[in-house]
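Enquirer: sequence isn't available, so here's the structure alone:
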């Protein structure tokens with residue numbers, strides 16, 4: 001999918017003013033509401049816009065600890081390990097990675113005792129050989145995409 005300047009402008013508005021409606025964005029962009037709606041739908045279907053759910057902070061539920069756990073896996077177990085990890089609610093993200101480890105899990109816990117319990121659950125998953133943990137101290141830059149959109153370095157890419 002090739003993104004044009006209208007797509008970029010719409011993405012900027014969606015990121016800078018997420019609570020405004022498409023009608024408001026159409027007014028700001030000076031185009032018809034139907035045009036904005038069609039662009040929005042196209043961006044969703046192409047996977048450029050990946051969600052509309054609110055961002056919920058685990059801290060609000062008492063999960064003040066954040067850790068990154070590297071998992072070494074037995075060959076051939078990746079898919080089954082990932083499936084088993086989805087049953088552990090404290091695993092909030094997981095990525096296959098290069099370098100040390102096969103899978104990097106982003107986990108949360110309320111305290112060190114709970115973190116140890118989560119790690120023990122990870123170790124118990126069939127196919128997990130070893131874990132290495134790193135506790136995050138302070139999040140310095142939250143997840144963000146607005147600077148990328150503002151930079152506007154568009155290259156034709158395939159999404160999804």
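Expert: Received, thanks. Please read these numbers as outputs of a predicted model, since none were measured by experiment. Numbers count the residues shown, from 1 in each chain.
Enquirer: would you report the backbone torsion angles of residue 106?
Expert: Main-chain torsions, residue 106, degrees, to the nearest 10: phi -100, psi 110.
Enquirer: right, and it touches residue 91 too?
Expert: Yes - judged on Cβ atoms under 8 Å, residue 106 makes contact with residue 91 at a distance of 7.4 Å. From N, CA and C alone the C-beta is placed, and that goes for glycine too.
Enquirer: which one's more surrounded, these two?
Expert: When residue 106 and residue 91 are compared for neighbours, residue 91 comes out ahead with 19 against 15, by other Cβ atoms under 10 Å.
Enquirer: distance of the more buried one relative to residue 125?
Expert: Residue 91 is 10 Å from residue 125, where distance means Cβ to Cβ, to the nearest Å.
Enquirer: anything in contact with each of those two?
Expert: Counting by Cβ atoms under 8 Å, 6 or more residues apart in numbering, the common neighbours of residue 91 and residue 125 are residue 85.
Enquirer: residue 71 - that's part of a helix, no?
Expert: No - counting by DSSP: H, G, I helix; E, B strand; the rest coil, residue 71 is not part of a helix but strand.
Enquirer: if we ignore the residues flanking it in sequence, what's nearest it?
Expert: Once flanking residues are discounted, residue 71 sits nearest to residue 103: 4.3 Å by Cβ to Cβ, 6 or more residues apart in numbering.
Enquirer: can you pull the contacts of that neighbour?
Expert: 70-71, 73, 78, 81-82, 94-97.
Enquirer: try 6 Å
Expert: 71, 94, 96 (Cβ atoms under 6 Å, 6 or more residues apart in numbering).
Enquirer: just to revisit the earlier point, any common contacting residues for residue 106 and residue 91?
Expert: Counting by Cβ under 6 Å, 6+ apart, residue 106 and residue 91 have no contacts in common.
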